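Engineer: Need the 3D shape of this:
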Amino acid sequence: MVRNISTTPLKTDVKPALTWAKAIMPPAAEFDPTPLPILAGKLPAGLRGSLYRNGPGRLERGGQRMGHWFDGDGAILAVHFNQKGQEGTATGLYRYVKTTGYQDEEAAGKLLYGGYGMTGTGPIWRRLTKAVKNAANTSVLALPDKLLALWEGGHPHQLDLQTLETVGLDDLEGLKTAWNYSAHPKRDPETGEIYNFGVAPGKNAVLHVYRSNSAGKLVQQNSITLDGVPLLHDFVLAGNYLVFFIPPVRLNPLPVLFQQKSYSDALAWHPEKGTQILVIDRNTLEVVSRSEAEPWYQWHFGNGYVDAGGSVVVDLARYEDFQTNHRLKQVATGHVETAAKATLWQLRLDPQSGQITQQQEVVDRSCEFPTVAPAEMGQASRFTYLTLHRQGVDIGPELYGAIARFDYHTGTLTEADLGDNRYPTEPLYCADAENPDRGWIITVVFDGERNSSEVWIFDADQLDAPPVCRLALPSVVPMGFHGTWNPA
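Structural biologist: Residues are numbered from 1 along each chain as shown. Model (predicted):
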């Protein structure tokens with residue numbers, strides 16, 4: 001029997017949520033620009049710029065919960081460090097992205113739209129005619145004159161870099177109405193060019209590959225037909241190549257079209273299809289090779305580059321199957337039981353054939369959100385930064401409680417264990433403005449014991465030492481997905 005409403009009513013007869021859920025279950029409160037008090041340490045003088053982070057701020061409205069963590073309304077945290085005339089200080093603000101869907105539901109006081117993990121509400125005629133809500137909740141892209149809030153099922157939303165005021169949808173001066181723009185653009189550190197993609201569903205989906213200039217304007221695109229309708233979340237910039245690893249997840253579009261199932265519930269794992277590898281020339285956006293490897297799933301890549309022998313080297317957080325999607329659905333309920341584990345892998349492939357020539361698991365700990373220094377994107381990089389499950393915890397119910405740096409030269413994992421009931425976000429590398437050989441790692445931490453959120457700053461070379469600075473945020477900022485550092 002098909003339910004007309006796939007949202008989940010709030011219940012009072014369930015067991016208490018886990019500690020981390022205190023940050024996610026209630027809707028987050030916005031706050032105006034606020035000087036952030038220093039709780040410990042000192043703000044580095046060379047940390048000049050702005051941190052932006054995106055994630056679901058609201059997973060409930062009108063007594064109903066949204067169907068998946070990916071459905072929450074996007075909210076942006078900005079922290080401006082050492083601004084001109086305000087050296088030695090940091091100012092934070094937190095704003096929801098005022099999408100059309102957010103404003104409609106805010107006015108109605110209830111959920112109206114479908115999303116990744118839920119169908120729309122109300123009678124079938126209304127669900128068939130009302131579009132899926134653009135949640136604008138996954139990542140951000142800082143451009144010279146604007147900030148883009150990204151959600152891969154539609155166009156980005158433009159925000160003001162300083163105030164986070166929502167301006168509206170942005171088409172990058174060339175993005176067609178039916179084209180989507182992924183949440184994981186890659187910026188070449190030397191040219192400033194930005195590469196991204198979007199998947200248009202159909203009997204066989206179409207992969208749109210984009211190249212934009214440093215201001216974000218779309219200057220080139222190509223369209224490539226795929227096998228069925230796969231789920232693609234991220235890709236790799238590696239020297240002169242863009243590489244897509246297409247996992248064996250396929251969408252059955254008819255139940256989604258007729259609002260019988262959500263997008264998430266209509267996705268199925270087909271290991272017999274293997275992982276398809278698509279190598280594209282970044283200059284022409286034409287296909288160089290197509291190949292196939294054994295099945296796995298990944299949400300995120302750390303980096304890619306071309307080594308001295310011409311092989312493409314790729315770092316990724318790799319899962320054995322697609323159970324991770326069910327785990328992330330459970331996050332929205334405050335109770336997680338599915339223990340989907342990703343570990344850090346590095347592989348090499350021949351770009352002309354697409355064949356993998358070497359692969360190995362380099363970190364066997366449960367981890368996610370691998371990142372590198374922005375100046376090394378698409379180039380050889382020694383370090384990958386990531387979130388980890390703490391040693392000895394049950395990875396079923398718990399979220400990540402540590403951050404770490406893996407050194408490919410020495411094979412060493414340097415870990416910052418934040419302590420009991422503290423939950424960090426994706427670690428971001430920020431170059432020091434005064435010393436190019438020095439960098440900082442910033443993460444936003446939810447402290448479940450104090451029910452508060454803080455900004456922690458580490459010396460990138462001493463992650464196992466206490467943070468050099470801890471800043472208090474005015475209210476709880478839920479753990480989210482992705483962010484960026486925008487140097488001053």
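Engineer: Tell me the buried residues in stretch 140-149?
Structural biologist: Residues of stretch 140-149 classed as buried: Val140, Leu141, Ala142, Leu143, Lys146, Leu147, Leu148, Ala149 (neighbour count, 16 or more other CB atoms under 10 Å). (Glycine included, C-beta is placed from N, CA and C.)
Engineer: Distance to Asp234, secondary structure and pLDDT for the residues you listed - can I get that in a markdown table?
Structural biologist: Shown next, in a markdown table, are those (distance: CB to CB, whole Å; DSSP: H, G, I helix; E, B strand; the rest coil; pLDDT from 0 to 100):
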| residue | distance to Asp234 | secondary structure | pLDDT |
| --- | --- | --- | --- |
| Val140 | 15 | strand | 98 |
| Leu141 | 14 | strand | 98 |
| Ala142 | 18 | strand | 98 |
| Leu143 | 20 | strand | 98 |
| Lys146 | 23 | strand | 98 |
| Leu147 | 20 | strand | 98 |
| Leu148 | 17 | strand | 98 |
| Ala149 | 17 | strand | 98 |
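Engineer: so which of the residues you listed comes closest to Arg282?
Structural biologist: Taking CB to CB as the measure, Arg282 lies nearest Leu141 of the buried residues of stretch 140-149, at 17.9 Å.
Engineer: residue contacts, the closest residue to Trp345 other than its chain neighbours?
Structural biologist: Nearest residue to Trp345 in three dimensions, chain neighbours excluded: Arg318, at 4.5 Å (CB to CB, 6 or more residues apart in numbering). By CB atoms under 8 Å, 6 or more residues apart in numbering, the residues touching Arg318 are Trp296, Tyr297, Gln298, Ala342, Thr343, Leu344, Trp345, Glu361.
Engineer: the bottom helix or strand of this structure by mean pLDDT?
Structural biologist: Least confident helix or strand of the chain, by mean pLDDT, DSSP states H and E, is strand 8-9 with a mean of 38.
Engineer: what helices or strands is whatever helix or strand comes next after that strand leaning on?
Structural biologist: Later in the chain than strand 8-9, the nearest helix or strand by DSSP states H and E is strand 31-35. Here strand 31-35 touches strand 90-96, going by 3 or more CB pairs under 8 Å, 6 or more residues apart in numbering; DSSP states H and E.
Engineer: what mean pLDDT does the strand it packs on have?
Structural biologist: For strand 90-96, mean pLDDT rounds to 98.
Engineer: swap in stretch 264-279?
Structural biologist: For stretch 264-279, mean pLDDT rounds to 97.
Engineer: same check, this time on stretch 32-43
Structural biologist: pLDDT averaged over stretch 32-43 gives 98.
Engineer: hey, C-alpha coordinates of it in CSV?
Structural biologist: C-alpha atoms of stretch 32-43 as CSV (Å, rounded to 0.1, in the frame of the first residue of the first chain):
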residue,chain,number,x,y,z
ASP,A,32,22.7,37.9,13.7
PRO,A,33,26.3,39.0,13.3
THR,A,34,27.9,38.3,16.7
PRO,A,35,31.4,38.8,18.0
LEU,A,36,32.5,35.3,19.0
PRO,A,37,34.1,35.0,22.5
ILE,A,38,37.4,33.1,22.8
LEU,A,39,37.0,30.2,25.1
ALA,A,40,40.7,29.1,25.0
GLY,A,41,43.9,30.0,23.2
LYS,A,42,44.3,32.9,20.7
LEU,A,43,43.1,33.6,17.2
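Engineer: buried ones in that stretch?
Structural biologist: Using 16+ other CB under 10 Å as the burial criterion, the residues of stretch 32-43 that qualify are Leu36, Leu43.
Engineer: do the same with stretch 432-452
Structural biologist: Within stretch 432-452, the residues scored as buried using 16+ other CB under 10 Å are 432-433, 439-448, 452.
Engineer: Max pairwise distance over those: which two?
Structural biologist: Spanning the widest gap among the buried residues of stretch 432-452 are Ala433 and Gly448, at 33.7 Å by CB to CB.
Engineer: Wasn't Gly198 part of a helix?
Structural biologist: No. When DSSP: H, G, I helix; E, B strand; the rest coil is applied, Gly198 is found to be strand, with no helix at that position.
Engineer: give me the number of residues near it?
Structural biologist: Per other CB atoms under 10 Å, the neighbour tally for Gly198 reads 22.
Engineer: what about the helices in the stretch 301-450 of the chain?
Structural biologist: Here the stretch 301-450 of the chain has its helices, by DSSP state H, counting those that start in this stretch, at 323-331.
Engineer: Show the contacting residues for Gly72.
Structural biologist: So, once contact is read as CB under 8 Å, 6+ apart, Gly72 ends up touching Gly55, Pro56, Gly57, Arg58, Leu59, Met66, Ala135, Asn137, Ala332.
Engineer: so can I have JSON lines of these showing distance to Asn240 and secondary structure?
Structural biologist: Below are these laid out as JSON lines (distance: CB to CB, whole Å; DSSP: H, G, I helix; E, B strand; the rest coil):
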{"residue": "Gly55", "distance to Asn240": "33", "secondary structure": "strand"}
{"residue": "Pro56", "distance to Asn240": "36", "secondary structure": "strand"}
{"residue": "Gly57", "distance to Asn240": "39", "secondary structure": "strand"}
{"residue": "Arg58", "distance to Asn240": "42", "secondary structure": "strand"}
{"residue": "Leu59", "distance to Asn240": "41", "secondary structure": "coil"}
{"residue": "Met66", "distance to Asn240": "41", "secondary structure": "coil"}
{"residue": "Ala135", "distance to Asn240": "34", "secondary structure": "coil"}
{"residue": "Asn137", "distance to Asn240": "33", "secondary structure": "coil"}
{"residue": "Ala332", "distance to Asn240": "40", "secondary structure": "coil"}
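Engineer: Turn the residues you listed into CSV, including distance to Pro427 and neighbour count.
Structural biologist: Listed next are the contacts of Gly72 as CSV, based on distance: CB to CB, whole Å; neighbours: other CB atoms under 10 Å:
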residue, distance to Pro427, neighbour count
Gly55, 15, 26
Pro56, 20, 26
Gly57, 21, 25
Arg58, 25, 21
Leu59, 24, 25
Met66, 27, 26
Ala135, 24, 26
Asn137, 20, 31
Ala332, 24, 25
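Engineer: May I see the residues you listed organised as TSV, with pLDDT and distance to Gly304 added?
Structural biologist: Compiled in TSV, the contacts of Gly72 are given as follows (pLDDT from 0 to 100; distance: CB to CB, whole Å):
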residue	pLDDT	distance to Gly304
Gly55	98	25
Pro56	98	28
Gly57	98	32
Arg58	98	35
Leu59	98	33
Met66	96	33
Ala135	98	28
Asn137	98	26
Ala332	96	31
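Engineer: Endpoints of stretch 280-294, how far apart?
Structural biologist: Distance across stretch 280-294, first residue to last, is 20 Å (CA to CA, to the nearest Å).
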